[in-house]
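[1] Quick one: sequence plus predicted model below, questions after.
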Amino acid sequence: MFKNKTSQGKDTPVSMERRRFFETMKTYGFTAAVVAGAAGTLMSTEAAAQTAKEEREREKAAQEVMTIATAYILGATRSYPIMQLDFKENIQNATNGKIYVKLAP
C-alpha cells in the first residue's frame, strides 16, 4: 500500500485519491463521493460532477428520502462487509426510485 507522501513530500496515489474524495464530498456531498469512488470516477472532475447530478436527480424524483448511517470510514465502498452502496441501490431499485437512500458518515 502506498504511503500518503514520499520522503521528498510528493503525493502518492493514496493521498491524491483521498484528497479528491474529500473535495468531491465538500462540493457534491458524501453520497455522491461514495458513488463516484465506487464507480471509479473520483479522479475525473467531470465524471464526479455527472455522478453528483445523477444522484440529485434521483433524490428529486423520489417520494421519500431515507438516510442510512455508514459503519465504516469515509471512502469505504463495496469492499466492506456491510456493502452500504449495494444496500442503497437495492432499496432504490426495489422501490422503483420512490425511495432515495442518502448515506451518512
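    Yep, that arrived. Computed from a predicted structure; not experimentally measured.

[2] which SS state does the closest residue to residue 61 other than its chain neighbours fall under?
    In space, and not counting its chain neighbours, residue 61 is closest to residue 97: 5.7 Å by C-beta to C-beta, 6 or more residues apart in numbering. Backbone N, C-alpha and C define where each C-beta goes, glycine included. Under DSSP: H, G, I helix; E, B strand; the rest coil, residue 97 falls in the coil class.

[3] Dihedrals phi and psi, residue 41?
    Backbone geometry at residue 41, expressed as degrees, to the nearest 10, gives phi -110, psi 10.

[4] Which secondary structure element is home to the closest residue to it other than its chain neighbours?
    Spatial nearest neighbour of residue 41, excluding adjacent residues (C-beta to C-beta, 6+ apart): residue 47 at 3.4 Å. Assessed by DSSP states H and E, residue 47 sits inside helix 45-61.

[5] ok, so what distance separates residue 60 from residue 18?
    30 Å (C-beta to C-beta, to the nearest Å).

[6] where exactly do the strands run in the chain?
    64-69, 99-104 (DSSP state E).

[7] Run a quick neighbour tally on residue 69.
    8 (other C-beta atoms under 10 Å).

[8] Looking at the residue nearest the centre of the chain now. What's its pLDDT?
    Among the residues of the chain, the one closest to the centroid is residue 34, at 1.0 Å (C-alpha atoms, centre = their mean). In this model, residue 34 is scored at 84, pLDDT.
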